[in-house]
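Asks: My questions are about this predicted structure, shown below with the sequence.
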Amino acid sequence: MSTAMLAESLSEGRVRCLSCAHECIIGRGRRGVCRVRENVDGALVSLAYGRPVSVALDPVEKKPLFHFLPGSKALSVGTLGCNFTCTFCQNYEISQCGDVDAAISGQAHVNATDLVRTAREQGALSIAYTYNEPSVTSEYAVDIAREAVSAGLFNIFVSNGYYSTALLDAILPVMDAFNIDLKSMSDDFYRRVCGGRLQPVLHAIQAIHEANRWIEVTSLLIPSLNDGEEELHAMAHFIATVSRSIPWHVSRFFPTYRMMDRPTTPVETIARAVAIGREEGLEYVYVGNVSERELASDTCCPSCGSIVIKRRGYHIDAPTGLRCPACDRRIEGVER
Ligand code: SF4
């Protein structure tokens, strides 16, 4: 347990958590929506601080980030809990875990120094806060990130983007790259299916870009829920108005968790989303959960169309890095 920094005291022993856009007001002995932040005697405590449930070395492309240190490895860290309740969550075992207390107490404590040392020993160039929603353990992510910066490592936040102003202020100085889910352009979808709201997510995408942090956006397309032509145009249009060079990953849904009644997203829908992204002016649109035999996810030069990065699963072939071998155009992104 660790005292949460992103919180303020209110009257009668209540506290307001400032670690995400819910800004939960929490009475003594109670917890916020994410179930991993508790009011203990009038102070907010982060129950999952320092208790990762998953630590693994992943290709950075798995986050997915296709224009950030391409071909490198990220030490990926996940804890328990989430501020959303998406019925289609692909990591529901940790995000919507039933017995949070038992799960947390069963995990060894791992401090920031140990994680940074592990990242370096395993040859990672970055640490990714991922698997569950890292906002719910923001203090842990920020503490690790500060040590990572001192050790010459980069930091990546993989997140639903449901941020408070205080959270943005805390993470923007230490995070180098973000992958943000844009689940829909419908506030009703966010409220009904995810237990959140749309506007804070749109604001976060804009704020991250304006802060000159690298950002890529992911949309999981679910048949008949968020894959209509109008909605795909709206998502792509919004991203393009922030910047045409933000990569958009359109990903295929497979039935899972509490959404077993929908079919797998047809590959044709993903191909249509790619076309719509390009129609709306996005320069880089990629596919997720689709084999390269069905649809390619190469990086092509927006100026001349030549392949700059060839992808086969998580294996990449990028002989000229983020620069077009044909016309020498610089491809937006971050290289080592
Ligand atoms: S992180 Fe979000 S959901 Fe969790 S207690 Fe804080 S404001 Fe509530």
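Replies: Great, that's in hand.

Asks: Tell me where the stretch 51-200 of the chain has strands.
Replies: Listed in chain order, the strands of the stretch 51-200 of the chain (DSSP state E, counting those that start in this stretch) span 54-59, 73-78, 126-129, 154-159, 177-181.

Asks: So for the ligand, which of those strands sits nearest?
Replies: strand 154-159 (11.7 Å; Cβ to the nearest ligand atom). (C-beta placed from N, C-alpha, C; glycine too.)

Asks: for the stretch 1-150 of the chain, what spans make up the helices?
Replies: Secondary structure of the stretch 1-150 of the chain, counting by DSSP state H, counting those that start in this stretch: helices at 92-95, 100-105, 112-121, 138-150.

Asks: Please identify the most buried of those.
Replies: helix 138-150 (a mean of 21; mean count of other Cβ atoms under 10 Å).

Asks: between the helices of the stretch 1-150 of the chain, which gets nearest to S164?
Replies: Nearest to S164, of all the helices of the stretch 1-150 of the chain, is helix 138-150, at 9.6 Å by Cβ to Cβ.

Asks: Mind checking if that closest one is in reach of the ligand?
Replies: No. Using Cβ under 6 Å from any ligand atom, helix 138-150 stays clear of the ligand, coming no nearer than 7.3 Å.

Asks: cool, and stretch 92-106?
Replies: No. Between stretch 92-106 and the ligand, judged by Cβ under 6 Å from any ligand atom, nothing touches; the nearest distance is 11.8 Å.

Asks: neighbours of the residue of the stretch 51-200 of the chain found nearest the ligand, just the number please.
Replies: Nearest residue of the stretch 51-200 of the chain to the ligand: N83, at 3.8 Å (Cβ to the nearest ligand atom). N83 is flanked by 28 other residues according to other Cβ atoms under 10 Å.

Asks: how near is it to I246?
Replies: Counting by Cβ to Cβ, to the nearest Å, the gap from N83 to I246 is 23 Å.

Asks: quick revisit: CSV please, covering the strands of the stretch 51-200 of the chain and showing mean pLDDT and mean neighbour count.
Replies: As requested, the strands of the stretch 51-200 of the chain are exported to CSV (pLDDT from 0 to 100; neighbours: other Cβ atoms under 10 Å):
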stretch, mean pLDDT, mean neighbour count
strand 54-59, 97, 16
strand 73-78, 98, 24
strand 126-129, 98, 28
strand 154-159, 98, 26
strand 177-181, 98, 24
